[in-house]
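What follows is a predicted protein model with its sequence.
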Amino acid sequence: MIVEQVLLGIAGIIASLYSFYVKKQHEKNPKYKAMCDIGPNASCTKVLTSKYGTGFGIAGTLFGKNSKLNASNGNLGIIFYSLQILFGLIPIPLFTKFALFSSVLACVGSLYLAFILAFILKDLCLVCIATYIINAGLLWSNYQTVYYRR
């Protein structure tokens, strides 16, 4: 399970870095179109630069728009996936349980963002869907590690 966790963590970091890159490019040039913008209702740029692309659309209201706690979802992803890799490489029961708990939270966040994507933004974001799949894979890998490790 360690190999799967590390590979999924690397894939998550790549997706998160790309998300961060798209937001930065859009800040420099509002007409920027990402590679994942494949149609009018399938635009990663539109989704990633929406209010839900920062602090899950919640942190800005709770802590203020300029708060350090209102971080880009891409930045949060980089931290999360880095920790998943780290915890995957250190087979201490406390770390494996923390990895499982944090991947449960990530999947809850993914469900929330998937709902926003489908019913509020009414858009398709390939990078977002990739992170949802990665998060589900990490949940499965962490579950296997905690409950089926021999």
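Cool, the structure landed.

N75 and N41: what is the separation?
To N41, N75 is 26 Å away according to CB to CB, to the nearest Å. For every residue, glycine as well, the C-beta is placed using N, CA and C.

quick one: average confidence on stretch 37-56?
Confidence over stretch 37-56, taken as the mean pLDDT, stands at 94.

Which residues does that stretch contact?
Residues outside stretch 37-56 that contact it (CB atoms under 8 Å, 6 or more residues apart in numbering): 19, 22-23, 26, 32-34, 36, 57, 60, 63, 69-74, 109, 112-113, 116-117, 120-128.

Pull out the buried residues from it.
Counting neighbours by 16 or more other CB atoms under 10 Å, one finds that the buried residues in stretch 37-56 are 37, 43-50, 52-56.

the longest helix in the chain is where?
Taking residue count as the measure and DSSP state H as the definition, the longest helix of the chain comes out as helix 2-28.

what's near enough to touch the residue most central in space within the chain?
The centre of the chain sits closest to G77, judged by CA atoms, centre = their mean, with a distance of 4.4 Å. Shown here is G77, whose contacts under the criterion CB under 8 Å, 6+ apart are G12, I13, A15, S16, S19, T131.

which regions of the chain lie under the pLDDT threshold?
Scanning the chain for pLDDT under 70 picks out the ranges 1, 150.

Repeat the analysis, applying 90 as the threshold.
By pLDDT under 90, the low-scoring segments of the chain are 1-3, 40, 65-66, 68-69, 88, 90-91, 148-150.

Helices of that one, residue ranges please.
With DSSP H applied, the chain shows helices at 2-28, 44-48, 59-63, 73-89, 93-115, 126-148, listed in chain order.

Could you say which of those is packed most deeply?
Of all these, helix 44-48 has the most neighbours on average by mean count of other CB atoms under 10 Å, namely a mean of 23.

that older thread, report the two of the buried residues of stretch 37-56 separated the most.
Set against one another by CB to CB, these have their most distant pair in D37 and G55, with a gap of 22.9 Å.

hang on, the earlier thing: will you turn the buried residues of stretch 37-56 into TSV that also has distance to V104?
Putting the buried residues of stretch 37-56 into TSV (distance: CB to CB, whole Å) gives the following:
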residue	distance to V104
D37	31
S43	30
C44	26
T45	30
K46	29
V47	24
L48	24
T49	28
S50	25
Y52	21
G53	22
T54	23
G55	20
F56	16
